[in-house]
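>>> Below is the sequence, then the predicted model.
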Amino acid sequence: MSYRFTIPQELRRAYDAAAADWETKLDRFWRKDPTLWTNQGEEKWMGWIDIVERQQKDLAAFRSLSKEVKDTKFENVLLLGMGGSSLCPEVLSLTFGRQSGFPQLHVVDSTDPAQIKAARDRVDLKRTLMIVASKSGSTLEPNIFKQYFFEEMRQTIGAAEAGSHFLAITDPGSKMEQVARSDTFRRVFFGDPEIGGRYSALSNFGVAAAAVTGLDVARLLDEAAKAVASAKLPPAQNQALQLGLLLGVANNAGRDKLTIFTSPEIYDLGAWLEQLLAESTGKQGKGVTPVDRETIGAPEVYGHDRIFAYVKLAGTRDASQDAHVAALEAAGHPVAWIEIADRYELFGQFFAWEIATAVAGSLMGINPFNQPDVEAAKVEARQLMSEYEKAGRLPYRKPMHVEQGVEIYASDDYANQLRASGTGASLGSYLRDHLSQMHAGDYFAILAFLPMFPEYEEMLQAIRHRVRDTKRVATCLGFGPRFLHSTGQDYKGGPNSGVFLQITGDHAVDVPIPGQKYTFGVVIDAQAAGDLAVLEARGRRVMRLHLKGDPGERLKTVAAAIDQALLYR
């Protein structure tokens with residue numbers, strides 16, 4: 001990895017002071033000293049700093065797993081997980097593709113019934129291995145994924161053989177371990193209880209997935225070991241530490257939105273970085289808000305709340321971003337330039353960014369290893385699902401306006417505020433009033449509880465870029481419920497600088513969950529309602545649009561209304 005950064009002159013003094021301070025703090029970091037943060041038990045969550053050496057001692061187990069999977073001739077792997085249990089495997093799958101003689105890995109991390117059905121229809125279960133990945137073993141989504149796919153497997157190949165098509169990755173003693181033993185799973189790999197989900201890429205949650213798909217695990221861990229050695233160097237030569245100091249100093253100066261650019265071959269690294277940064281730093285009214293998959297714009301579309309990171313793969317098929325990033329640098333923005341020689345260096349990137357995030361958290365005065373606001377939306381969703389089990393339906397909420405198959409919802413206070421603007425009662429006018437709430441330093445986030453299908457993502461990406469280029473604000477796009485385990489922490493616990501547009505939809509098909517009264521459609525609807533309730537309770541500027549009928553057609557209606565709304569700045 002090669003690394004350099006540029007920093008505006010107004011941040012240089014603070015950066016130099018932080019670097020000097022860390023001349024003495026670096027040794028304390030490697031001793032897991034919690035006083036570097038808030039002294040509230042941070043040392044109990046730092047098993048990730050020495051995981052690489054421990055994994056290298058266990059290479060025989062990973063080689064055995066690879067051989068077993070190859071010999072069994074599985075064609076596909078469905079990894080059932082959420083957040084830190086699934087994002088690293090997703091990065092590996094989308095970056096490396098399918099390896100000769102090994103199965104193709106697909107990640108299932110949505111409760112949308114259309115997406116569940118698509119995942120089921122994509123594979124021949126007789127030739128598919130399922131990986132249930134859940135650290136705690138109590139997370140809702142992996143549990144109901146397991147219930148559904150295990151029953152599908154049982155009906156396809158019989159109860160006696162179903163367990164041989166399942167593998168679990170979970171912490172020792174978890175409920176999922178008990179389930180795996182009871183259902184005679186092929187294998188159980190353990191996580192480390194002292195490693196939180198978003199720091200677990202180099203634990204078995206990432207490494208076992210790499211082994212299953214035929215990647216060279218020894219080489220991946222060698223690259224991670226190089227990053228570990230580099231992170232122990234003095235500050236002047238310590239690239240991961242320098243990156244963390246840059247993030248922390250910039251954040252404390254108001255540049256609290258990290259915009260991530262990558263070479264196209266490694267684009268999904270940004271999804272993993274989103275969770276690491278947002279869950280680690282978005283709390284106590286502070287946060288590094290990650291901005292992933294925004295196309296590079298001209299310097300004038302960016303405000304002084306931005307910092308940029310460009311991760312480039314040497315020999316990329318598209319080096320055109322170099323000139324655009326250089327223009328941002330010339331315009332005076334802080335920019336971190338990172339270049340990796342090949343894809344296997346991603347394991348080194350995982351470790352370097354984990355170090356950087358922890359260091360930034362120290363400068364920000366927060367605990368980067370907890371996630372106090374993630375649970376709030378889960379609690380709301382569980383309560384709504386309990387109500388469904390009792391009443392057979394979710395609580396009704398009246399829309400404030402309905403137009404062309406799009407229902408608009410907002411809290412009473414926010415709805416009155418929008419109506420008081422006097423611009424009219426139409427989809428376009430309400431969106432205009434909602435978007436007018438954005439000011440310099442704010443960001444716009446689309447929270448889509450829809451299937452993460454390419455056609456919907458393309459339409460939503462177009463909307464976010466229209467907002468960015470017109471309003472000159474940072475923009476984010478997340479699909480629910482996966483963002484709840486990622487950027488959702490920052491949206492609720494970070495600074496109140498987000499303007500949110502939640503989008504939900506009808507379900508043309510629904511999928512039952514064996515052993516439950518509710519369906520996947522009920523689950524995602526409850527998750528969306530729970531997230532909306534918490535955002536509203538936190539005083540966030542949030543509007544919900546519900547799409548009736550065909551989501552694609554209704555998104556066209558929303559896009560046209562937003563285009564109309566943006567005509568008036």
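Now that the structure is in, tell me what you want to look at. Numbers count the residues shown, from 1 in each chain.
>>> mind checking the end-to-end distance for stretch 159-178?
From its first residue to its last, stretch 159-178 covers 18 Å (C-alpha to C-alpha, to the nearest Å).
>>> Tell me which residues of that stretch come out buried.
Ala162, Gly163, His165, Phe166, Leu167, Ala168, Ile169, Thr170, Asp171, Ser174, Met176, Glu177 (16 or more other C-beta atoms under 10 Å). All C-beta atoms are positioned from the backbone trio N, CA, C, and that covers glycine.
>>> Isn't the first one up against Arg154?
Same thing as Ala162. Yes. Contact criterion C-beta atoms under 8 Å: Ala162 and Arg154 qualify, at 4.4 Å.
>>> Which of the buried residues of stretch 159-178 fall in helices?
Judged by DSSP state H, helices contain the following of these: Ala162, Met176, Glu177.
>>> and the last one, how far is that from Glu151?
Applying C-beta to C-beta, to the nearest Å, one obtains 20 Å for the distance of Glu177 from Glu151.
>>> Check Pro235 too.
For Pro235, the distance to Glu151 - C-beta to C-beta - is 54 Å.
>>> swap in Ala376?
Taking C-beta to C-beta, one finds Ala376 at 31 Å from Glu151.
>>> In a helix, Pro451, correct?
No. With DSSP: H, G, I helix; E, B strand; the rest coil as the criterion, Pro451 is coil rather than part of a helix.
>>> Restricting to C-alpha, output stretch 211-221 in PDB.
Only the C-alpha atoms of stretch 211-221 are listed here, as PDB (Å, rounded to 0.1, in the frame of the first residue of the first chain):
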ATOM      1  CA  ALA A 211     -11.800 -20.100   2.500                       C
ATOM      2  CA  VAL A 212     -15.200 -21.400   1.400                       C
ATOM      3  CA  THR A 213     -14.900 -19.400  -1.900                       C
ATOM      4  CA  GLY A 214     -11.400 -20.600  -2.700                       C
ATOM      5  CA  LEU A 215      -9.400 -17.500  -2.000                       C
ATOM      6  CA  ASP A 216      -5.700 -17.900  -0.900                       C
ATOM      7  CA  VAL A 217      -6.200 -17.300   2.800                       C
ATOM      8  CA  ALA A 218      -2.500 -17.400   3.600                       C
ATOM      9  CA  ARG A 219      -1.900 -14.700   1.100                       C
ATOM     10  CA  LEU A 220      -4.800 -12.600   2.500                       C
ATOM     11  CA  LEU A 221      -3.500 -12.900   6.000                       C
END
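>>> Next, the buried residues of it.
Neighbour-count burial for stretch 211-221, counted by 16+ other C-beta under 10 Å, picks out Ala211, Val212, Thr213, Gly214, Leu215, Val217, Leu220, Leu221.
>>> same deal with stretch 558-569?
Within stretch 558-569, the residues that count as buried by 16+ other C-beta under 10 Å are Val558, Ala561, Ile562, Ala565, Leu566.
>>> picking up where we left off before, Throw the buried residues of stretch 159-178 into TSV and include distance to Lys312 and pLDDT, thanks.
Formatted as TSV, the buried residues of stretch 159-178 follow (distance: C-beta to C-beta, whole Å; pLDDT from 0 to 100):
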residue	distance to Lys312	pLDDT
Ala162	45	98
Gly163	44	98
His165	39	98
Phe166	39	98
Leu167	35	98
Ala168	37	98
Ile169	31	98
Thr170	36	98
Asp171	36	97
Ser174	39	97
Met176	38	97
Glu177	41	98
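>>> Out of those residues, which is nearest to Leu59?
Ile169 (17.2 Å; C-beta to C-beta).
>>> who does the closest one bridge with?
Ala133, Phe189 (DSSP bridges).
>>> how long is stretch 506-522 end to end?
Counting by C-alpha to C-alpha, you get 11 Å between the two ends of stretch 506-522.
>>> Residues contacting that stretch, please?
Residues from elsewhere that reach stretch 506-522 (C-beta atoms under 8 Å, 6 or more residues apart in numbering): 111-114, 116-117, 144, 147-148, 150-151, 385, 388-389, 394, 523, 526, 546-549, 551.
>>> all helices of the stretch 301-450 of the chain, in order?
321-330, 346-364, 374-391, 412-419, 427-435 (DSSP state H, counting those that start in this stretch).
>>> which of these sits most buried?
Comparing these by mean neighbour count (mean count of other C-beta atoms under 10 Å), helix 346-364 comes out on top with a mean of 25.
>>> Ala218: which element?
According to DSSP states H and E, Ala218 maps onto helix 217-230.
>>> so where is the stretch 1-150 of the chain shaky, pLDDT-wise?
Scanning the stretch 1-150 of the chain for pLDDT under 70 picks out nothing.
>>> Just the strands from it, written as ranges.
Taking DSSP state E, counting those that start in this stretch as the criterion, the stretch 1-150 of the chain contains strands spanning 2-6, 76-80, 104-108, 128-133.
>>> give me the beta-bridge partners of Thr128?
Beta-bridge pairing for Thr128 (DSSP bridges): Asn76.
>>> Can you verify my assumption that it contacts Lys73?
No. Taking contacts as C-beta under 8 Å, Thr128 lies outside contact range of Lys73: 11.2 Å.
>>> So which of the two has more stuff around it?
Counted by other C-beta atoms under 10 Å, Thr128 and Lys73 do not tie: Thr128 has more neighbours, with 23 against 10.
>>> Okay, now the unreliable bits of the stretch 451-569 of the chain?
Those would be 569, if you go by pLDDT under 70 across the stretch 451-569 of the chain.
>>> Out of the buried residues of stretch 159-178, give me the two with the largest separation.
Largest pairwise distance in these, by C-beta to C-beta, is 23.5 Å, between Ala162 and Asp171.
>>> And Ala537, how close does it get to Ser411?
To Ser411, Ala537 is 9 Å away according to C-beta to C-beta.
>>> Ala118 too?
34 Å.
>>> So these two - more neighbours on which side?
Ser411 (19 against 16).
>>> So for the more buried one, what's the nearest residue that isn't a sequence neighbour?
Closest residue in space to Ser411, ignoring its immediate chain neighbours: Glu536 at 4.4 Å, by C-beta to C-beta, 6 or more residues apart in numbering.
>>> Tell me who's in contact with the one you found.
Per C-beta under 8 Å, 6+ apart, neighbours of Glu536: Ser411, Tyr414, Val542.
>>> What count of nearby residues applies to the last one?
I take that to be Val542. 25.
>>> again, but for Phe145
Residues lying near Phe145 (other C-beta under 10 Å) number 28.
>>> returning to what we had before: want to throw the strands of the stretch 1-150 of the chain into JSON lines with distance to Ala326?
Shown next, in JSON lines, are the strands of the stretch 1-150 of the chain (distance: least, C-beta to C-beta, whole Å):
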{"stretch": "strand 2-6", "distance to Ala326": "10"}
{"stretch": "strand 76-80", "distance to Ala326": "38"}
{"stretch": "strand 104-108", "distance to Ala326": "34"}
{"stretch": "strand 128-133", "distance to Ala326": "40"}
